[in-house]
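Participant: curious how this folds, go ahead:
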Amino acid sequence: MRRTLYVLVLFAVLVGLGFAGSTTHGIASAEESRLQISDIAGRNTYLMSDGSMWSLIDGRHAIRTPGKVAAISGYEYEGIGMTQDGRLVEWDIGKGPEVVPGTSGVKQIAGSYWLKSDGTVWGGSEKAKNLSGILLIANADQEFAALSSNGELLLEDNYKKGQFKKLGIVENPAGVKSMTVHSGRVALLRDNGDVVVYETSNFDDNGRIIPVTVAQNAAHIVYASNEPTDLLIVTLQDGTVWTTGVYKDRWKLKEQVSGLSGIVRTSIYGNAEDLSEGFYAQRSDGSWIHHTNGQNKSVDVPVVKAFSVSISDAKPYVGDTLEVSIQETYTNGAKIKVPVKDALIDIEKPYLMNIQKNGTLKSAGVGKTQITVTSGGLSKSITVSSSLRNNLKYAKQVNGNIMVPAKSVMQALGGTYSAKNGSVEAKLGETVLLLTAGSNQAKLNGSPLRLKAAPMTDKGELLIPASMLSDVLGAKINWETKWKQANISFGSDAVMTVVSSETAGLIKKAMQGSLVKFIGRTYWVNDFEDLERFSKLTVTDILPDDKGEFNVIFKTASGKTVKSYPIRSSEVMQLFADRSSLLNYDPYQKHKWSASVWKQIKAGQVSLGMTKEQVQLSWGNPAAKDITTGGGKTIETWGYSNFDIVSFVNGKVILIMM
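Facilitator: Take a look at the predicted model:
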C-alpha cells in the first residue's frame, strides 16, 4: 500500500527507540495542564491523576498510556498496577501498561503480588498457597508479608516458598492502614497514626516476637535499603519526614530529613539498593520532588513542548479523503501520536473542507483554506489547496468575456445553487450571490453588484461571466487559447478547468501522438484502481474524452478490461512513470521472496526481519532517514509522514513503531 504523504511541517526521525466562516471540531487538551502525578514507580514511570500512565520502553523511550489506573507498584523496567474497576495491569521493559485479560476483583498490589477482594493472594497467574482471608499485603526486597482478617501477621520463609512464619496477632487488623516489609521486618501503619514494627530477631525469652511502636502521628511509611541497618522512612502528619536509626536506634525516629516539609508520602526506587539515588516525596498540593543528599529537585508533569502536524495530501482533488497525523513532543522527550478526535481542528473555509465522523477530512470544493490544529495548548496551521480532478464543460467566449456554466462551477467551488423567484441563488459559505439571466445587476450579500457582462442562457444552462469569480472570490481567470478552455485558479495549486466544445478535438490531435507509445506495454499493479497488488496489466488503448482528458484501457492477465478514471495527459505520463501506482517490472521475478513475505507486502504490512527493499515495496518511500554506524553495525531508521517508524540493523528490520 502506498504511504507517500505530503509533509507540511518538519518531520524529525525518532532516533533511539497511550470554524465564522470557520468550523471547529475536536476536544481541547488544556486539561493536560491540570494533570498531576499521583504516584511514582521510578524514573519517568508515573501514575497520573486522570488514570493514565507514563512508562519507559527499553528503559529509554517514554510512552503515555491512557487508562483508568488507580495504583502502581514496581520500577521503570517492570511493574504491576490495578485499575479503578479492579483489573490487573502489567508493564515491562518491552511493552507499555496493559490490562491482564481475565483479571478482576483486585483490591491491592504490592511489588509483584496482588490481593483480591476475596482474600486470596496472587503472584502473576499463580494463586499463593496457604493464604486466605488476607486483608493487606507487602512485598519488597524479595520478601513478602500478609495480614489476615483474624489478625495473623505472616512473613514468607525466604527458603521455603509458600511457607509462612507467624510474627504475631495484630489487634483490630481492620485498623491497619498500610504495611511495608524489608529484611525480616514488617512495619504497620495504623489508622491512628501509630507505626508498629515486627522484627524476626526481636523476641522475648519465650521466642515471641515483640512488636515495637517506633512512631506516632504518621501519615505514610516505607522501608529503604541501607547499610548497616535498613531504614524506615516515616512521613508524619505535620508534613515532616524522618528515618529510623541504625542498630539499637532502629526502634525510634532518629533523624529528620532536612529540606522537606509539607510532605504527605514518599516513594523509593523499586530496585534501589540504598538511598544514594535519593527518593521521591509528594507535597500536600500534589506536586512531587526528588530528594537526594539534602537537595530537592522538582519532578515536573510531562507537558507538550512542541507538536507536528502532517496531512496525507496538501494538494488534493475535490472529493478526496485526507488523513491528519498529529504528533506531540513532551518535555520528557516522548513523541506521542495523538488521535484526531482528541485535538481541536479549525477550518477557515468549511465549505471547502469537511470533517468526517472518523476524523478524516474531505475536500468539498476548489480553493485554498487554512486548517489549524490545536493540541496540548499549542497550535499549528497548514494550508490545503484543492483542485478539480475532472474538467467541467462548456465554457465559451462571448464579446471578449469568458462565460462559464453557473451551476457546475458554483458546486465545484463548494457552494450551493438554487432557483429563486426567477433568479438563481449561489451560496459559498457566508457569501450569497443573486443572479438573473440577461441582467448585469446582481446582488452580493444583499448589496448591489454590477457585473462586467450579463449572465446568459445557452442550451438551457445559465452562463455567468468568469470575471465575477475574480471580483467576488479573488480567483484568477485565464483563457487558454491553445486549447480554448478557461482556467480558474486560487494561487498556483487550487485549479479547475472548464473546457469548450472544441477542446477535446484540439487536445486529441496534439497529444495522443505522444501517448500512443504506451499502448502495448505491460505493467504490474502497486496501488491502482483497487486492483490486486502485483497483478499484471497490459495497456490496450488510451482514449480521449470530450473534456480533453484520457481513459487508459488495460487488460488483465485473465482477459478482463479495466478502464481508468479520466485523467489529464500529463497525469497519464505520471501514471506510467510513478512506481507508487504501477511497476514496470514483474516483482515476483525480480525478488525471489517467500510466500509469507509476499503476503505481508501485499497487505501493506511490515514485520521484524524484513529487508529494506521489502519495507519499501510494502510501505513506500520514507519521508526521512537517519543512518548511524558503529561497532561493525549500520543502524538505519526510516520515518514516515504519519509518524510510523522502522529501524534496520545491517539492512534487517529490528524495530517497528506505529
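Participant: can you tell me which residues contact the closest residue to G245 other than its chain neighbours?
Facilitator: Closest residue in space to G245, ignoring its immediate chain neighbours: K254 at 3.2 Å, by Cβ to Cβ, 6 or more residues apart in numbering. In this view, the C-beta of every residue, glycine as well, is placed from N, C-alpha and C. Going by Cβ atoms under 8 Å, 6 or more residues apart in numbering, K254 touches W242, T243, T244, G245, V246.
Participant: over to K362?
Facilitator: Neighbouring residues of K362 by Cβ under 8 Å, 6+ apart: G319, D320, T321, L322, M353, N354, I355, Q356.
Participant: one more time with 6 Å, if that's ok
Facilitator: Residues in contact with K362 (Cβ atoms under 6 Å, 6 or more residues apart in numbering) are T321, N354, Q356.
Participant: what's the helix or strand for it?
Facilitator: Secondary structure from DSSP states H and E places K362 in strand 361-363.
Participant: domain parsing for the protein?
Facilitator: Listed by automatic domain parsing, the domain ranges of the chain are 23-28+304-386, 36-112, 392-501, 506-588, 591-657.
Participant: low-confidence ranges, the stretch 1-150 of the chain, go.
Facilitator: 1-33 (pLDDT under 70).
Participant: which residues of it fall in helices?
Facilitator: For the stretch 1-150 of the chain, applying DSSP state H, counting those that start in this stretch gives no helices.
Participant: mind jotting down where the strands sit in the stretch 401-550 of the chain?
Facilitator: For the stretch 401-550 of the chain, applying DSSP state E, counting those that start in this stretch gives strands covering 401-405, 416-420, 423-428, 431-435, 441-444, 447-450, 456-458, 461-465, 476-480, 485-490, 494-499, 522-525, 536-544, 550-556.
Participant: partner strands of the shortest one and their direction?
Facilitator: Each strand pairing with strand 456-458, determined using DSSP bridges, is listed with its direction: strand 461-465 (antiparallel).
Participant: check the second one too.
Facilitator: Strands adjacent to strand 416-420 in the sheet, as given by DSSP bridges, are strand 423-428 (antiparallel).
Participant: next: the longest one.
Facilitator: For strand 536-544, the paired strands and their directions (DSSP bridges) are strand 522-525 (antiparallel), strand 550-556 (antiparallel).
Participant: off-centre distance for the first one?
Facilitator: Here the centre of mass of C-alpha atoms in strand 522-525, compared against the chain's by Cα atoms, centre = their mean, to the nearest Å, lies 35 Å away.
Participant: doesn't W598 belong to a strand?
Facilitator: No. Counting by DSSP: H, G, I helix; E, B strand; the rest coil, W598 falls outside a strand, being helix.
Participant: make 14 the first number, not 1, from now on.
Facilitator: With 14 as the first residue, the last one maps to W611.
Participant: and it, how many neighbours does it have?
Facilitator: As a burial measure, W611 scores 18 neighbours (other Cβ atoms under 10 Å).
Participant: and the pLDDT for it?
Facilitator: Looking at W611, its pLDDT is 94.
Participant: could you rank the contacts of K267 by neighbour count and give me the top one?
Facilitator: T257 (25 neighbours).
Participant: distance check, S289 against T305.
Facilitator: Distance from S289 to T305, counting by Cβ to Cβ, to the nearest Å: 8 Å.
Participant: center of this structure - which residue?
Facilitator: In the chain, the centroid-proximal residue (Cα atoms, centre = their mean) is K350; its distance is 2.3 Å.
Participant: okay, now the spatially closest residue to T253 that is not a sequence neighbour: neighbour count?
Facilitator: Take T253 and drop its neighbours on the chain: the residue closest to it by Cβ to Cβ, 6+ apart is Q269, 5.8 Å away. Residues contacting Q269 under the criterion other Cβ under 10 Å number 13.
Participant: and if you look at the one 10 residues further on?
Facilitator: Applying other Cβ under 10 Å, we find 22 other residues in the vicinity of T279.
Participant: any idea what the nearest residue to T449 once chain neighbours are set aside is bridged to?
Facilitator: Take T449 and drop its neighbours on the chain: the residue closest to it by Cβ to Cβ, 6+ apart is S436, 4.4 Å away. Here S436 sits in beta bridges with K433, as judged by DSSP bridges.
Participant: is S436 in contact with V445, as I believe?
Facilitator: No. Contact criterion Cβ atoms under 6 Å: S436 and V445 do not qualify, at 11.8 Å.
Participant: which residues of the stretch 564-671 of the chain fall in strands?
Facilitator: 574-576, 595-596, 637-643, 646-652, 658-662, 665-670.
Participant: so what does the third one touch, helix or strand wise?
Facilitator: Judged by 3 or more Cβ pairs under 6 Å, 6 or more residues apart in numbering; DSSP states H and E, the packing partners of strand 637-643 are strand 646-652.
Participant: neighbouring strands - and their directions - for the strand it packs on?
Facilitator: According to DSSP bridges, strand 646-652 forms sheet pairs with strand 637-643 (antiparallel), strand 658-662 (antiparallel).
Participant: most tightly packed of those strands?
Facilitator: Using mean count of other Cβ atoms under 10 Å, the stretch among these with the greatest mean number of neighbours is strand 658-662 (a mean of 19).
Participant: contacting residues around G664?
Facilitator: So G664 contacts T624, K625 (Cβ under 6 Å, 6+ apart).
Participant: on that earlier part again, can I get the strands of the stretch 564-671 of the chain in a markdown table including distance to A75 and mean pLDDT?
Facilitator: Shown next, in a markdown table, are the strands of the stretch 564-671 of the chain (distance: least, Cβ to Cβ, whole Å; pLDDT from 0 to 100):
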| stretch | distance to A75 | mean pLDDT |
| --- | --- | --- |
| strand 574-576 | 49 | 94 |
| strand 595-596 | 40 | 94 |
| strand 637-643 | 19 | 91 |
| strand 646-652 | 18 | 93 |
| strand 658-662 | 15 | 94 |
| strand 665-670 | 13 | 92 |
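Participant: next one: the residue nearest to G258 from T305, what distance?
Facilitator: K267 sits at a distance of 19 Å from T305 (criterion: Cβ to Cβ).
Participant: quick one: strands adjacent to the strand or helix carrying S191?
Facilitator: According to DSSP H and E, S191 maps onto strand 189-195. Applying DSSP bridges, strand 189-195 is found paired with strand 198-203 (antiparallel).
Participant: just the CA atoms of the strand it pairs with, as CSV, please.
Facilitator: Provided in CSV are the C-alpha atoms of strand 198-203 (Å, rounded to 0.1, in the frame of the first residue of the first chain):
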residue,chain,number,x,y,z
ARG,A,198,11.0,-6.6,59.4
VAL,A,199,7.3,-5.7,58.9
ALA,A,200,6.1,-2.2,59.8
LEU,A,201,2.4,-1.5,60.2
LEU,A,202,0.8,2.0,59.9
ARG,A,203,-2.5,2.1,61.9
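Participant: now W264. Nearest residue, chain neighbours left out?
Facilitator: V225 (5.1 Å).
Participant: next, count neighbours for the one you found.
Facilitator: 15.
Participant: try I246
Facilitator: 23.
Participant: what is the strand or helix carrying it packed up against?
Facilitator: Here I246, judged by DSSP H and E, is contained in strand 244-249. On a contact count with 3+ Cβ pairs under 6 Å, 6+ apart, strand 244-249 meets strand 231-237, strand 254-257, strand 276-280.
Participant: pLDDT of that strand, averaged?
Facilitator: Strand 244-249 comes out at a mean pLDDT of 97.
Participant: can you list the strands that that strand pairs with?
Facilitator: In the sheet, strand 244-249 lines up with strand 231-237 (antiparallel), strand 254-257 (antiparallel) (DSSP bridges).
Participant: now tell me what touches the first one from outside.
Facilitator: The set of residues that contact strand 231-237 without belonging to it, under Cβ under 6 Å, 6+ apart, is 193, 195, 200, 202, 206, 208, 243-250, 277-279, 281, 288.
Participant: coming back round to it: as CSV, the strands paired with strand 244-249 with mean pLDDT and distance to A159 would be great.
Facilitator: What follows is those, written out as CSV (pLDDT from 0 to 100; distance: least, Cβ to Cβ, whole Å):
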stretch, mean pLDDT, distance to A159
strand 231-237, 96, 16
strand 254-257, 96, 23
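Participant: export these as CSV, with columns for distance to Y90.
Facilitator: Listed next are the strands paired with strand 244-249 as CSV, based on distance: least, Cβ to Cβ, whole Å:
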stretch, distance to Y90
strand 231-237, 19
strand 254-257, 26
